[in-house]
Structure formats: structure tokens, C-alpha cells
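> Please work out how this folds:
(2 chains)
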Amino acid sequence: MTLIRTRFAPSPTGYLHLGSARTALFNWAFARHQGGEFKLRIEDTDLDRSRGEYEEAVLEGMRWLGLDWDGEVIRQSERRERHLAATRELLASGHAYRCNCSRESVEAGKQRDLAAGGPGTYDGHCRDLDLGPDCGEHTVRLRLPEEGLIGWEDAVFGPSGQDASQMGDAIIQRSDGTPLYNLAVVVDDIDMEITHVIRGADHQANCVLQLALYDALGAERPIMAHVPLIVDEQGKKLSKRRNNVSVQQFREEGYLQEALDNWIVRLGWSQGDNEFFSLNDLKHSFSLEGIGRSPAGADPAKLEWLNQHYIKELDSDDLFQRVYPHLEREAGRPVKDTPALRRLLDLLRERSTTLVQMATLARWQLREDLDYDEKAVKKHLKPAALPILESVLEKAQSIPEWKEDSLSQLFDDVSADHDDLKLGKIAQPVRVAVTGGPNSPGIFETLEVIGQARSLHRLEEAIALVQKRIQSAKVD
RNA sequence: GUCCCCAUCGUCUAGUGGUUAGGACACCGGCCUUUCAAGCCGGCGACACGGGUUCGAGUCCCGUUGGGGAUGCCA
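Below you'll find the predicted structure:
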């Protein structure tokens, strides 16, 4: 039995984006499940658009997603000689021919055919001219059958193909002597012994040409599996221009690698009613049969849900490590790893949809000065709250222990002193006093996290604030 | 224009001739409750349309409509 071998072949013309990431993930998962190899090849033959920094960005995205590849990264540009040799071979065998038609005449021919209702393909002017190397500036074209179906059994779409009469002889080598994508891909896949080509459905049309190339080169055709595209809200193919979808951007926004992998694998692939898939799960159960045939729209809400799910599952150290950069940014300075902070992060898990949000929610712990929420102050720090805050402050100074139990008792005492005031009437003013806002974890837990000294200080400041508000109200 | 592909709740999907068409996200309501969440319970909500085939079609065939992709000396 031959070893299953897949590859991911991105072109380094931008950051790794969602669609590419999913293709990579499918290839990775399939290879891993089959106990095969997963290769990485950078398609950098378009020298104008390829950039070294993008290549590194793609690699970095892959690593972050947890998609490890086998062997060295192969760079297509370094295989130029092999590609040219293949063209020479095709020329020698008569499967390809030189074409010295000018761009203008080719374009004119195309327009003529289009006007006549045809497919607008190359008219084959040089097909049987048997031009030699001295025919001037020329391209090399692949000689395709004139009729008949060029078909294949797609692992996703089933019987597929196109009639040869709809195709023109395609250029495989530019007039400057450099090889073109379709030729390079096929030659590389043959040399790399790729057994399964899993890629976006936008390659379905290329497939016919590439298959013809395999045949012309006398190579065995791999299994082709085309994956439906990921589309945007308008149902259009995700594009780097229109959509903000780079993997690194999701990372910066505080999404977990686990969540992103889980999200994209379920775009166009499913396994019964299961929703949660770790990389490890995929390694054990991914199969091509689970791939659907219709385009999938990416739903950000589902990503958020998954992200929170995985945030909740992280162990304390892992969570701390991953949220740290965001905490630092929020604090504006290095942050100390303390039991109180760990406790807070734990409380924030079920309140955070992203790591960025978690850091934002931890703001009152990360900074000394509070940002008072204007609406909350207006609603909860009003004159009526003054005696309550004073009462809490007074009792808090002599509390036996700054712990949840004692604090709970303290609130009960305050309530009793104020005509059995409802807990909420005490909790909300205190919450705004110590966090600046109307929302936080349970008030006792919040106070515990903040600590006695800081809590007392913030209570005092809030009391001063209320008094000031009363004063200015009188003046007005 | 030409070729190719797709079509189940708003979204992701299960479904492989016989189901009250299932699940998840979102949404709505309730419970819980010191806020926000989380959690639990419940609700809304789909087979694009028209023909066939069949005792019986979401499932098979044809057409229509709608959407998408490809039509490069880009990858």
C-alpha cells in the first residue's frame, strides 16, 4: 500500500486567511488520520507578488493553528529547472508546442470566438506549425485533445469533468521562458508523490488542464478532492480585499487556536451531530466523506461561542499565559501574576467571549485608577446610596477577615441596619464604587479579589464622589 | 457570452425512498439571581419552484429560478 501524502500549497501573497487555513487543516487532518504525510510547499513563482515576509506569516499561521508538516518546506521557485525539463519533455513527445502568436492576435481571436457565441478559447493557430526554438519570442502550449470528456472521480463531488472542445490549448511556459502555475503544480505534485490533492473548489476548472498534464507526462493521477468555498454574507468567495479574515487577526482579537480550528473544520465538514473537534479528534476521525458540497458561510457568533467554550476549558496556567499579552496591553505595563488575578481570570471565563474581552473586564484590577461609567454612577451613586456606602465602609474597616463569608455577613448586617434593605441595593452602589461599572463577578468575590486596602480606598473615593455630586446639585 | 458547480430553519448542518424532518449557533420567553454572565427549561424557525419515477420522495431523474466558481503569458 502506498503512503498517503497530501500537501498545502499556499502562495505567499498575503497573510494566511480563513479559506487557506481550512484547506490546510483538511489536508493535515486527512494525512494524519491516514497515517500519511502532510507537506508544505510555497508557491512563490509569481515573483511580482510573492514576498518573504508573507511566507513567514503563512508559516507562523500554520504553527499557531497547530498544523505541523513533514519534512522541509519546499519552495516552488527553487524547482525551476525541473519545471523547464518537464516542458522540454512535453515538447519532445509532441504533447506541447511552441506558439509565437502575439498577445494581440490571441486576444483578437478570443473576441472573435466570443462574438460568435463560443467559449473564447485559443484558436490553435500554431498547433500544427511545428515551430522550432528559433521561432522568435514564443510561449509553450499544451496540446489538448480536440474533443471528448476529460473527467475524473472527485472525492467530494463525484463524477466530474469537462468536454475538451470547451478548452483551448493552455500556455504552460511564458514567453520569457518561465513556467506557469498549472505546469509547476503538476510537476511538483508528481515529484512529491502527492496522492490526494485537497483544495478549494475554485480550482475545479484548472483540474481538467492539470489532469491532462498528468496524462501527457505519463504520470499517475492523484485523487482529487475539491472543497466548497467559504463565502461571505453576500455569498461571495472570501477575498483578502473585501473580508478581514487573516488568521493572525483572529489571534490578535483574542480567539483561541482551538476555537478557530474547530470553527473552520465545521465549515463544509461535519460528522453527525458533533460540534466539538480538537485537532486530536480530527487525527482520529477525519474523513473526506464528511465534506459537503455546498458553500459555507462563516458565522462569527458561532466562533464566539466556541471560543468561550475553550476558554472555559483552559487550565489556569495556560489561560494566564495566553491572556497575558492582552492584560499587559490593558494595564499599560507589566502585570504581576498573583493569586487574586488568577482568581479573577477564573471568574471571568464565563463572562468572556475573547481574551481581549477578558482583559477589558479585568480593567479595574489591572489599573489603580478607576474609569467610572457615567451612567452607572448616575444610577447607583446617588444621594440615597451615601449612608449605605458609609455603613459598608465603616463595617469593612473592622471586618475580621476579608473573605467571602465575612463579607456576606457584613452585607447582611448593613441590610439589617437599613430596614432590611434588599441586597441588590447595597451590592450595586458598592460594585460601582469598587469597579467603576455596573457589571462584575459576584460582589463578594469582586471585593475579595480587589483586597481590603484597595476596596476601602475606593469606597472612600466613591463616598467623596457622591458628596461632591450632592454639593454641585445644590449649587446648580 | 461559454463551461462547471451548488440549493434542508437567519447561519453551520444531520438525513443516503417510509422520520411528528434531528442537532448546534443566533434569536425570543421562563427559571436562577446582588449586576453581567454562565447554567437549566421552553419557544420560534427549513426541505426554492414545477414536472416526472415510485405504493411512497428532503432523499432518484428532468426542467425553471436563484446563487456561486472558472473563463490570465496570476497562483
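
> rest of the way, CA atoms for contacts and neighbours
Fine.

> how close does the residue nearest to A:Arg367 when sequence neighbours are not counted sit to RNA strand B?
Once flanking residues are discounted, A:Arg367 sits nearest to A:Ala331: 5.9 Å by CA to CA, 6 or more residues apart in numbering. Between A:Ala331 and RNA strand B the computed distance is 21 Å (CA to the nearest atom of the strand, to the nearest Å).

> Show the pLDDT at A:Ala331.
At A:Ala331, the pLDDT value in this model is 96.

> quick one: contacts for it?
Contact analysis of A:Ala331 by CA atoms under 8 Å, 6 or more residues apart in numbering lists A:Arg363, A:Leu366, A:Arg367.

> Which of those residues fall in strands?
Using DSSP state E to define strands, no part of the contacts of A:Ala331 is located there.

> Would you mind giving these as a markdown table with distance to RNA strand B and pLDDT added?
Below are those laid out as a markdown table (distance: CA to the nearest atom of the strand, whole Å; pLDDT from 0 to 100):
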| residue | distance to RNA strand B | pLDDT |
| --- | --- | --- |
| A:Arg363 | 14 | 97 |
| A:Leu366 | 18 | 97 |
| A:Arg367 | 19 | 95 |
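
> Most neighbours among those, please name it.
Within the contacts of A:Ala331, A:Leu366 tops the neighbour count with 22 neighbours, counted by other CA atoms under 10 Å.

> what about chain A, any weak spots by pLDDT?
A:1, A:47-50, A:475-476 (pLDDT under 70).

> for A:Gly151, helix, strand, or coil?
strand (DSSP: H, G, I helix; E, B strand; the rest coil).

> What number of residues are in the vicinity of A:Glu313?
Neighbours of A:Glu313 (other CA under 10 Å): 12.

> who touches it in this structure?
Neighbours of A:Glu313 in contact, by CA under 8 Å, 6+ apart: none.

> mind running it again at 10 Å?
By CA atoms under 10 Å, 6 or more residues apart in numbering, the residues touching A:Glu313 are A:Asn307, A:Leu319, A:Arg349.

> Likewise for A:Val247?
A:15-21, A:57-58, A:60-62, A:64-65, A:255, A:257, A:260.

> All the helices of the stretch 1-150 of chain A, in order from the start?
Taking DSSP state H, counting those that start in this stretch as the test, the helices found in the stretch 1-150 of chain A are A:18-33, A:52-65, A:80-93, A:103-115.

> which parts of stretch A:407-426 are buried?
A:Leu407, A:Leu410, A:Phe411, A:Asp412, A:Val414, A:Ser415, A:Ile426 (16 or more other CA atoms under 10 Å).

> which of those lies closest to RNA strand B?
A:Ile426 (7.5 Å; CA to the nearest atom of the strand).

> Neighbours of the residue in the stretch 151-300 of chain A that RNA strand B sits nearest to, how many?
Closest residue of the stretch 151-300 of chain A to RNA strand B, CA to the nearest atom of the strand: A:Gly268 (2.8 Å). Applying other CA under 10 Å, we find 20 other residues in the vicinity of A:Gly268.

> shouldn't it be in contact with A:Pro295?
Yes. With contacts counted by CA atoms under 10 Å, A:Gly268 reaches A:Pro295, the gap being 7.0 Å.

> Between the two, which contacts overlap?
With CA under 10 Å, 6+ apart, A:Gly268 and A:Pro295 have common neighbours A:Val227, A:Pro228, A:Leu229, A:Ile230.

> are any of those residues buried, and which?
Applying 16+ other CA under 10 Å to these flags A:Val227, A:Pro228, A:Leu229, A:Ile230 as buried.

> Please produce TSV containing those, extended by distance to RNA strand B and secondary structure.
Below are those laid out as TSV (distance: CA to the nearest atom of the strand, whole Å; DSSP: H, G, I helix; E, B strand; the rest coil):
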residue	distance to RNA strand B	secondary structure
A:Val227	9	strand
A:Pro228	7	coil
A:Leu229	7	coil
A:Ile230	8	strand
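
> pretty sure A:Asp113 is in contact with A:Gly120, am I right?
Yes. Using CA under 10 Å, A:Asp113 makes contact with A:Gly120 at a distance of 5.0 Å.

> and for these two, which residues touch both?
By CA under 10 Å, 6+ apart, A:Asp113 and A:Gly120 have these common neighbours: A:Glu107.

> Looking at these two now, which is surrounded by more residues?
A:Gly120 (20 against 16).

> Correct me if wrong: that one contacts A:Ser165.
No. The criterion here is CA under 10 Å, and A:Gly120 misses it with A:Ser165 at 11.2 Å.

> re earlier: so of the shared contacts of A:Gly268 and A:Pro295, which two are at opposite extremes in space?
The most widely separated members of the shared contacts of A:Gly268 and A:Pro295, counting by CA to CA, are A:Val227 and A:Ile230 (9.0 Å).

> Between the two, which contacts overlap?
Common contacts of A:Val227 and A:Ile230, defined by CA under 10 Å, 6+ apart, comprise A:Gly19, A:Arg22, A:Gly200, A:Ala201, A:Gly268, A:Ser294, A:Pro295.
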